[in-house]
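Engineer: Please work out how this folds:
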Amino acid sequence: MTARAGAFVAVTSVALAVFLAVALSSVWYRDWPVDGSASFTAVTNYSGPMGSLLAWLSIELFGRVFAWLVPFGLLLLGLATPIRRLPVVSRFLFESAVLVVLLNAVFALVPPTQNT
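Structural biologist: Below you'll find the predicted structure:
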């Protein structure tokens, strides 16, 4: 990867990480697409409708807590690209994604808290 492409990937990854972190931190349960009857134009998420959609997708895929691994992983990717540590970070991100999927499967089968 050339230095110019590495800089582009680094800046883009960090910008996406910040955008997604803002979107996740300002999720509102009455926003579109969380509430299907809500208006697309009346989104209160600070990152707008696109950020609301990305936050909703992250939360639906990984859960409320593990969704924060997505911006964290993008930030690591952006920071590791200029210092040529991309293989180490990509392996870490892959292992983290596998761990998140397995933890979600365990929590789906055996909830950590149950009403008794």
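Engineer: Please identify the helix or strand for the spatially most central residue of the chain.
Structural biologist: Among the residues of the chain, the one closest to the centroid is residue 70, at 3.0 Å (CA atoms, centre = their mean). Element membership for residue 70, per DSSP states H and E: helix 69-80.
Engineer: Show me what the mean pLDDT comes to for the next helix or strand after that helix.
Structural biologist: As assigned by DSSP H and E, the chain's next helix or strand after helix 69-80 is helix 86-109. Helix 86-109 shows a mean pLDDT of 78 in the predicted model.
Engineer: Output the contacting helices and strands for helix 86-109.
Structural biologist: helix 69-80 (3 or more CB pairs under 8 Å, 6 or more residues apart in numbering; DSSP states H and E). C-betas here are computed from N, CA, C, even on glycine.
Engineer: Please identify the buried residues of the least confident helix or strand in the chain by mean pLDDT?
Structural biologist: Taking mean pLDDT, DSSP states H and E as the measure, the helix or strand of the chain with the lowest value is helix 86-109, at a mean of 78. Judged by neighbour count using 16 or more other CB atoms under 10 Å, the buried positions of helix 86-109 are 89, 93, 96, 97, 100.
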